[in-house]
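Enquirer: what follows is a predicted protein model with its sequence.
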Amino acid sequence: MIRKVGTWAAVLSALFVALALGSRGSAGETTEQTLRLEARIALGDVAGRIDHMAVDLARKRLFVAELGNNSVSVVDLAARKVMHRMTGLKEPQGVAYAPATDTLYVANRGDGSVRMFRGTDYAPAARVELDSDADNIRVDGAANRIIVGYGGGGLAAIDMASNAKAGTMPLKGHPESFQLDPATSDVFVNLPDDRAIVVLDRLTGQQRTRWPMPYGGNFAMALDNETQRVLTVFRQPAKLVAFSKGNGSVADQVATCGDVDDLFLDAKRRRIYISCGEGFIDVRDAGKAAYPQLERIATVAGARTSLFVPELDRLFLAVRAQGSAPAAIWVFVTGDH
């Protein structure tokens, strides 16, 4: 009898411990899956580095800049397959789609050109020559312009109606990611060579201010308009840093994974998605101090470019060909879907 009582006591004790641990785990850390791998879309015979992406929401098509392959693929997201490929490009880096003109814009590093293609059949429509190294592209719908980073230092404005260069904004170094403030005429620009972020007025082309950076390799950028912060990830060392939009002061910072090329804010869920060439997606809580980690998702080394499309609740990750594994786009859907 004594043995039975001891046995039951041990069982109950173990049960209480398990319940306590389970309760502490659910309260102290997230068990929610923030992103779930939904599909891998093969790109076919595509070699070399893959750079930025853009989306045509109406047709549900994804555009992929295949820099090392001198091509841009058009992916049918509904059918999950490549439906068209534009070839003969010169190291395409940046891509943007403008619904207002139903035009795809492709920036080429190799010859500095920005080439336009019709959204209906992807036939060539126009071409603008820039100095060199045409890179990131943003659509400024309010001004009916395309903004392109290029060369040893500058942003070029291209009028979408005439497909002609409408002006330039000089910079002290090649611009990496830059973001257009939707509430003002400000443009926030990463200049890793100058170890700075500069703020330009996209109406006048003049520099408003320059913020010296505490670290090196500031390539990726996003805006958090709810908190009025500029989010940047550095490569030396690997850190996510938030700056005040108003004066450039450091508002928060935290270590992240390495070799980052893109980060995005999921404003609906208050999350930050960081794609790291080290082989991870780092998911952070944008609603709390120090941006605590919600999840770290293993991917593939070198997969550092991505695109989050809030209208589709999906993150697209570009994975280059490695060994026997072909190039592909990994599609992640948010965990609440």
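Expert: Sure, I can see it. Please read these numbers as outputs of a predicted model, since none were measured by experiment.
Enquirer: next up, the contacts around the residue nearest the centre of the chain.
Expert: In the chain, the C-alpha nearest the mean C-alpha coordinate belongs to Asp262, at 3.5 Å (Cα atoms, centre = their mean). For Asp262, the contacting residues are 52, 177, 220, 274-275, 304-307, by Cβ atoms under 8 Å, 6 or more residues apart in numbering. To be clear about C-beta, it is placed using only N, CA and C from the backbone, and glycine gets the same treatment.
Enquirer: got it, and Leu62?
Expert: With Cβ under 8 Å, 6+ apart, Leu62 has these contacts: 53-56, 74-75, 77, 307, 316, 329.
Enquirer: on that earlier part again, got a pLDDT number for the residue nearest to the centre of the chain?
Expert: In this model, Asp262 is scored at 98, pLDDT.
Enquirer: hey, what's it bridged with?
Expert: Beta-bridge pairing for Asp262 (DSSP bridges): Ser275.
Enquirer: part of a helix, is Ala142?
Expert: Yes. Counting by DSSP: H, G, I helix; E, B strand; the rest coil, Ala142 is part of a helix.
Enquirer: what's the neighbour count on it?
Expert: 10 (other Cβ atoms under 10 Å).
Enquirer: swap in the one 10 residues further on?
Expert: Here the count is done by other Cβ under 10 Å, and Gly152 has 13 residues near it.
Enquirer: measure it to Ser306 for me?
Expert: Look at Gly152 and Ser306: by Cβ to Cβ, to the nearest Å, they are 27 Å apart.
Enquirer: do the same with Gln293
Expert: 17 Å.
Enquirer: which of these two has more neighbours?
Expert: Ranked by neighbour count (other Cβ under 10 Å), Gln293 and Ser306 place Ser306 first, with 26 against 17.
Enquirer: once you drop chain neighbours, what's closest to that one?
Expert: Ser275 (3.8 Å; Cβ to Cβ, 6 or more residues apart in numbering).
Enquirer: run through the residues that contact that neighbour.
Expert: Taking Cβ under 8 Å, 6+ apart, one finds 260-263, 281, 299, 303-306, 315, 317 in contact with Ser275.
Enquirer: which one of these is nearest to Arg85?
Expert: Arg85 has its nearest neighbour among the contacts of Ser275 in Thr305, at 17.9 Å by Cβ to Cβ.
Enquirer: state the number of residues packed around the closest one.
Expert: For Thr305, using other Cβ under 10 Å, the count is 25.
Enquirer: my guess is it contacts His52. True?
Expert: Yes. Thr305 lies in contact with His52 (Cβ atoms under 8 Å); the separation is 5.9 Å.
Enquirer: mind showing which ranges of the protein have poor pLDDT?
Expert: Residue ranges of the chain with pLDDT under 70: 1-31.
Enquirer: show me the helices in it, by range?
Expert: 2-28 (DSSP state H).
Enquirer: pull the longest strand from it.
Expert: Looking across the chain with DSSP state E, the single longest strand is strand 35-44.
Enquirer: so which residues make contact with that strand?
Expert: 50, 64, 66, 73, 75, 80-82, 85, 273, 281, 283, 295, 297, 314-315, 319, 326-335, 337.
Enquirer: among those, the buried ones, what's the ChimeraX command?
Expert: Buried subset of the contacts of strand 35-44, written as a ChimeraX selection, criterion 16 or more other Cβ atoms under 10 Å:
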select :50,64,66,73,75,82,85,273,281,283,295,297,314,315,319,326,327,328,329,330,331,332,334,335
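Enquirer: narrow the contacts of strand 35-44 to those in strands?
Expert: Short answer: the contacts of strand 35-44 in strands (DSSP E) are 64, 66, 73, 75, 81-82, 85, 273, 281, 283, 295, 297, 314-315, 319, 327-334.
Enquirer: buried set for stretch 239-254?
Expert: So stretch 239-254, judged by 16+ other Cβ under 10 Å, has buried residues 239-243, 245, 248, 251-254.
Enquirer: and what of stretch 169-176?
Expert: 169, 171, 173-176.
Enquirer: adding distance to Thr227, write the residues you listed out as CSV.
Expert: As requested, the buried residues of stretch 169-176 are exported to CSV (distance: Cβ to Cβ, whole Å):
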residue, distance to Thr227
Met169, 26
Leu171, 26
Gly173, 28
His174, 29
Pro175, 24
Glu176, 22
